[in-house]
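Chemist: Return a 3D structure for these sequence lines:
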Amino acid sequence: MATNFPGSLDSFTNPSASDAMDSVTVPHATQHANLNDAVEALESKVGVDGSAVTSSLDYQLNAIGTWINFTPTWSFTSGTINPNVATGRYMVVKELVIIQAMLRVNSVSGSGDLQLIVPSAAAMDATLTSFWSGGYGTTYDANTLVHTAVMPYHSGSNTIFNFRYHGGFICTSTSPITWANNDELFCTIIGEKP
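Modeler: Numbers count the residues shown, from 1 in each chain. Sure thing, here's the model as predicted:
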């Protein structure tokens, strides 16, 4: 019998002390072959140290809790942001996604909703678009030294987030601050994979 693992568990027949090496019911060679098949399937499932096979347990365990850096895309729905600094990172832990992103503005043009676009690997479930994403953020006005709390929410896309501030107002190029050189936004977003 070839191994059933990992699709299902094997059911081996254990030989007894009275079974001969050439037993018809428990053939010695077949016992070794079945055990070899099962061990090879088990090794494949577990993976070697530093495995690159994404289905192996070694790969999956090493990937848990690993921050992956990315360069976030910041923009307005009808304009652009020229960032001085734009950094980000994300982590996927089973079905949980955590994103951290930072923006320091050089200049802005246009109008519309402030948006953060993240890589597809950091996508979150956006089916409940009328609810806030789990997360928070802060804007910092370099001219007035004022901080304003902001909340990220799905724009309807798995990878695009808009921002609102107190009272549910949409963040734009002029609210809650008039974006200018060295103004900043920091955010952390927590959600579920799509």
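Chemist: packing partners for the helix or strand of the chain with the lowest mean pLDDT?
Modeler: When the helices and strands of the chain are scored by mean pLDDT, DSSP states H and E, helix 57-63 comes last with a mean of 79. Packing partners of helix 57-63 (3 or more C-beta pairs under 8 Å, 6 or more residues apart in numbering; DSSP states H and E): helix 28-46. For the C-beta atoms, the positions are set from N, CA and C on the backbone; glycine is no exception.
Chemist: Domain parsing of the chain, as residue ranges.
Modeler: 1-63, 68-192 (automatic domain parsing).
Chemist: Return the most buried member of the ones you listed.
Modeler: domain 68-192 (a mean of 17; mean count of other C-beta atoms under 10 Å).
Chemist: which of the domains of the chain has the lowest average pLDDT?
Modeler: With a mean of 82, domain 1-63 has the lowest mean pLDDT of the domains of the chain.
Chemist: how near is the nearest residue to Ala122 once chain neighbours are set aside to Val48?
Modeler: Nearest non-adjacent residue to Ala122, counting by C-beta to C-beta, 6 or more residues apart in numbering: Tyr90, 3.8 Å away. Here the criterion is C-beta to C-beta, to the nearest Å. By it, Tyr90 lies 27 Å from Val48.
Chemist: ok, now Thr77?
Modeler: Counting by C-beta to C-beta - Thr77 and Val48 are separated by 47 Å.
Chemist: Kindly report the same for Ser75.
Modeler: For Ser75, the distance to Val48 equals 43 Å [C-beta to C-beta].
Chemist: Next, give phi and psi for the most centrally placed residue in the chain.
Modeler: Nearest to the centroid of the C-alpha atoms of the chain, with distances taken as C-alpha atoms, centre = their mean, sits Val92, at 3.2 Å. Note on Val92: backbone dihedrals following degrees, to the nearest 10 are phi -120, psi 120.
Chemist: so what's Val48 up against?
Modeler: 56, 58 (C-beta atoms under 8 Å, 6 or more residues apart in numbering).
Chemist: Distance of it relative to Tyr59?
Modeler: From Val48 to Tyr59 the distance is 10 Å (C-beta to C-beta).
Chemist: Nothing else from me, thank you.
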